[in-house]
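1. predicted model, plus sequence, below.
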Amino acid sequence: MLHDLALLTPLLITLAAALFTLLVDPFLRHEGTTFGARFWGYFGAAFSLITLAATAVLWVTGPHEMATVAFSGHLSMSPYGLFFVALVSVCAALTHLTSPRFLEEQGMSFAEFYALLHFAAFGMMVMVAAESILTLFIGLEIMSLSIYVLAAFKRSSAASIEAGTKYFLMGAVSSALLLYGMAFVYGFSGGTSYVEIQRALIDLHGPEHLYLSLSLVFLLAAFLFKVSAVPFHMWAPDAYEGAPTSITGFMSSGVKVAAFGALLKLLVVPMSGEALASLPVGIGSLLAIFAVITMTVGNLLALPQRNVKRMLAYSAIAHAGYLLLGCVAMSPDPGLGAPYALPGGNIPFYLVGYDLASLAAFAALVTVGADGEELTTESQLAGLGRRHPFAGAVLGLAMISLAGVPPTLGFFGKFVMLREVLSVEDGRYLPHVVIMVLNSVVAAYYYLRVTVYIYMRPEGATERRYVREPSLSWAMGLAAAGLLIIGLLPGKAIEASRKAAAGVRTGIAVAHLHNTIDARQATAKDPAEVVVGQAD
């Protein structure tokens, strides 16, 4: 029991930080000052970094297996889970650093903001560490409910209230679809853990294939909602534009980490095997179709946008399409053989680059959020490179990385993804890769257009004041440094991503799967069954 709790240290630290913030903040508040609320931003960043350190220790000393059935059936700290937990910790830490002065300028400096940020991060960690559909759903709801409130946190802004309301309504629909799909999964498997679902899929019969197909339809629809993929993308532009800028960055980065981490694990671990291979339409083919449509629609709709936050929302839709295409890059599991597969390392690695670029971009946009205003149109950003050189440089670097220009991390993320997708079944997805490359060329136009406004358009006559805070500068600097350093030396990050992908199945899950396969083979070779078959 204590062993398993020790493995969950990163999750417990994040949860403890959230509860501590809620319980202690009332005793720190003083009339006429917001010191207490700003303190929780620095406190949250420190605890997110402690969570990251605990995750790194488990990564170096692992892999570790849960010792009790109660834990192993619901959560795991496999290399896959640890990688994504670390990525969520980075997103949370940079968001905490970005927020204190910005919230004060926007008139919403309350400790509840940081507590909700911790709860959202905790839900994300539960999602990627889940080993049962029940745990996955609980983690998703913890994350979603926190993000809904954070999106609508600026109560004096109609746009923020609208953002939270639209996100809530669409999110509720996706949660209902997910739960309905999980009900079908429980119906044909008789269990909720990934191990039980795996074992049920080995001996799936007749009508149960229909329930499997229905469950996949609802599960994929729910996750397409969460990652804002077409045709379930309608909520994203308004939610991104209306939400406070620091939360928009967290929505763009952390939510995608959790959603794609959980989706990829769900497709590889429980929803895999012979039953899936026998379906008339493969999951890979469906994902590739949605990927092409999503990236094309996202990029085309981003072209006419002049509000940078709204443009980045459509950009996030396009990147969801790239990531969906990366999900098809599977290779046979050497320990289990076909039709079981392992994902490539492209999704974890791509998310590192995308998250750092998104967080850097939104942190730079936070600097123009002084005096209760958020100046995020391209014309309002004109001359930012001269008025606030550091913020201008970080925003320009983020745009270049999102466009995939070398030697930034965004370029290597796309390169690794294209290479792995092309290696699937001798270039089966070559047309999809060509479309992705063409989309990247289109995207370069609207990304580089922002850079043109930052450095090459004349400044407006209106005098503007910028948000300046050491913690905000640290957030921008760390995100920008990650884009450049990992971009110049991507080897270690690629190696860690591949290690994470290879560890998506726990040792317990593999052992159960081997036992079930061996038992079925032994039953099929039973001489008594052969005699009965001949007599028939």
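-> Sure, I can see it.

2. tell me the spacing between the closest residue to residue 162 other than its chain neighbours and residue 157.
-> Distances taken as Cβ to Cβ, 6 or more residues apart in numbering put residue 242 closest to residue 162, at 5.3 Å, once the chain neighbours are dropped. All C-beta atoms are positioned from the backbone trio N, CA, C, and that covers glycine. Distance from residue 242 to residue 157, counting by Cβ to Cβ, to the nearest Å: 7 Å.

3. so those two - more neighbours on which side?
-> A count of neighbours by other Cβ atoms under 10 Å puts residue 242 above the other of residue 242 and residue 157, at 25 against 19.

4. hmm, the more buried one is touching residue 150, no?
-> No - at 11.7 Å, residue 242 does not count as touching residue 150 under the criterion of Cβ atoms under 8 Å.

5. what touches both of these two?
-> Common contact partners of residue 242 and residue 150 (Cβ atoms under 8 Å, 6 or more residues apart in numbering): residue 164.

6. which residues touch the spatially most central residue of the chain?
-> Centre of the chain computed as the mean C-alpha position; nearest residue by Cα atoms, centre = their mean is residue 257, 1.5 Å away. Contacts for residue 257 were tallied using Cβ under 8 Å, 6+ apart; they are 84, 87-88, 91, 124, 128, 351, 355.

7. quick one, strands of the stretch 101-250 of the chain?
-> Using DSSP state E, counting those that start in this stretch, no strands are found in the stretch 101-250 of the chain.

8. for the chain, that is, sorry about that
-> 330-332, 341-343 (DSSP state E).

9. how many residues are close by the residue nearest to residue 75 when sequence neighbours are not counted?
-> What sits nearest to residue 75 in space, not counting adjacent residues and going by Cβ to Cβ, 6+ apart, is residue 129, at 5.0 Å. For residue 129, the count of nearby residues is 27 (other Cβ under 10 Å).

10. got it, and the one 10 residues further on?
-> With neighbours defined by other Cβ under 10 Å, the count for residue 139 comes to 23.

11. that one contacts residue 120, correct?
-> No - counting by Cβ under 8 Å, residue 139 sits too far from residue 120 to count as a contact (10.5 Å).

12. what about the chain, any weak spots by pLDDT?
-> 29-37, 205-208, 274-278, 280, 372, 460-463, 517-518, 520-521, 523-536 (pLDDT under 70).

13. and the gap between residue 107 and residue 245?
-> For residue 107, the distance to residue 245 - Cβ to Cβ - is 14 Å.

14. okay, those two: which has more neighbours?
-> Shown here are residue 107 and residue 245; by other Cβ under 10 Å, residue 245 has more neighbours (26 against 14).

15. so the more buried one makes contact with residue 376?
-> Yes - contact criterion Cβ under 8 Å: residue 245 and residue 376 qualify, at 7.2 Å.

16. return every residue with contacts to both of the two.
-> Residues touching both residue 245 and residue 376 (Cβ under 8 Å, 6+ apart) are 309, 365.

17. buried ones in the longest helix seen in the chain?
-> Determined from DSSP state H, the single longest helix within the chain is helix 158-189. Residues of helix 158-189 classed as buried by neighbour count (16 or more other Cβ atoms under 10 Å): 160-168, 170-171, 174-175, 177-178, 180-182, 184-186, 188-189.

18. for that helix, name the packing helices and strands.
-> Helices and strands touching helix 158-189, by 3 or more Cβ pairs under 8 Å, 6 or more residues apart in numbering; DSSP states H and E, are helix 133-151, helix 194-202, helix 208-226, helix 235-242.

19. okay if I get the ones you listed as CSV plus distance to residue 387?
-> Formatted as CSV, the helices and strands packed on helix 158-189 follow (distance: least, Cβ to Cβ, whole Å):
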stretch, distance to residue 387
helix 133-151, 29
helix 194-202, 52
helix 208-226, 37
helix 235-242, 23
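
20. okay, these, which one's buried deepest?
-> Of the helices and strands packed on helix 158-189, the one with the most neighbours on average (mean count of other Cβ atoms under 10 Å) is helix 235-242, at a mean of 24.

21. contact partners of that one?
-> Under Cβ under 8 Å, 6+ apart, the answer for helix 235-242 is 151, 157, 159-164, 166-167, 169-171, 228, 248, 251-252, 307, 309-310, 312-314, 316-317, 376.

22. using a markdown table, lay out the contacts of residue 257 together with neighbour count.
-> Formatted as a markdown table, those follow (neighbours: other Cβ atoms under 10 Å):
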| residue | neighbour count |
| --- | --- |
| 84 | 27 |
| 87 | 27 |
| 88 | 33 |
| 91 | 30 |
| 124 | 33 |
| 128 | 26 |
| 351 | 24 |
| 355 | 25 |
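
23. tell me which two in the residues you listed are the farthest apart.
-> The most widely separated members of these, counting by Cβ to Cβ, are 128 and 355 (13.5 Å).

24. who's in contact with residue 43?
-> Here residue 43 is in contact with 17, 21, 114 (criterion: Cβ under 8 Å, 6+ apart).

25. now, which of those residues sits nearest residue 505?
-> residue 17 (30.5 Å).

26. what about the closest one, distance to residue 349?
-> Applying Cβ to Cβ to residue 17 and residue 349 gives a distance of 28 Å.

27. could you do residue 339 as well?
-> Counting by Cβ to Cβ, the gap from residue 339 to residue 349 is 25 Å.

28. cool, and residue 333?
-> 20 Å.

29. these two: which has the busier surroundings?
-> Neighbour tally, residue 333 and residue 349, criterion other Cβ under 10 Å: the higher count belongs to residue 349, 29 against 19.

30. so who does the nearest residue to the more buried one once chain neighbours are set aside touch?
-> Spatial nearest neighbour of residue 349, chain neighbours left out: residue 497 (3.9 Å); criterion: Cβ to Cβ, 6+ apart. Under the criterion of Cβ under 8 Å, 6+ apart, the contact list for residue 497 reads 83, 345-349, 352.

31. again with residue 7
-> 58, 64, 66, 71, 77.

32. by neighbours, which of the residues you listed wins?
-> residue 77 (26 neighbours).

33. from the middle of its chain, how far away would the longest helix of the chain be?
-> Chain-centre distance of helix 158-189: 17 Å, with Cα atoms, centre = their mean, to the nearest Å.

34. report the angle between it and helix 133-151.
-> 180 degrees (axes from the mean of the first three to the mean of the last three Cα atoms, to 10 degrees).

35. and the angle for helix 158-189 with helix 235-242?
-> 140 degrees.

36. what's the angle from helix 158-189 to helix 208-226?
-> 160 degrees.

37. what's the nearest residue to residue 321 once chain neighbours are set aside in contact with, if anything?
-> Distances taken as Cβ to Cβ, 6+ apart put residue 295 closest to residue 321, at 2.9 Å, once the chain neighbours are dropped. The contact partners of residue 295, by Cβ under 8 Å, 6+ apart, come to 318-322, 325, 435-436, 439.

38. and which of those is nearest to residue 217?
-> Using Cβ to Cβ, these come closest to residue 217 at residue 320, 18.8 Å.

39. quick check: the gap between the closest one and residue 21.
-> For residue 320, the distance to residue 21 - Cβ to Cβ - is 31 Å.

40. got it, and residue 162?
-> 27 Å.

41. check residue 158 too.
-> From residue 158 to residue 21 the distance is 28 Å (Cβ to Cβ).

42. which one of the strands of the chain lies nearest to residue 480?
-> strand 341-343 (28.9 Å).

43. which other helices and strands does that closest one contact?
-> helix 245-268, strand 330-332, helix 491-502.

44. most packed of the ones you listed?
-> Burial of the helices and strands packed on strand 341-343 is given as mean neighbour count (mean count of other Cβ under 10 Å); helix 245-268 ranks first at a mean of 26.

45. next, the angle helix 235-242 makes with it.
-> Taking the same axes, to 10 degrees, one finds helix 245-268 and helix 235-242 inclined to each other by 150 degrees.
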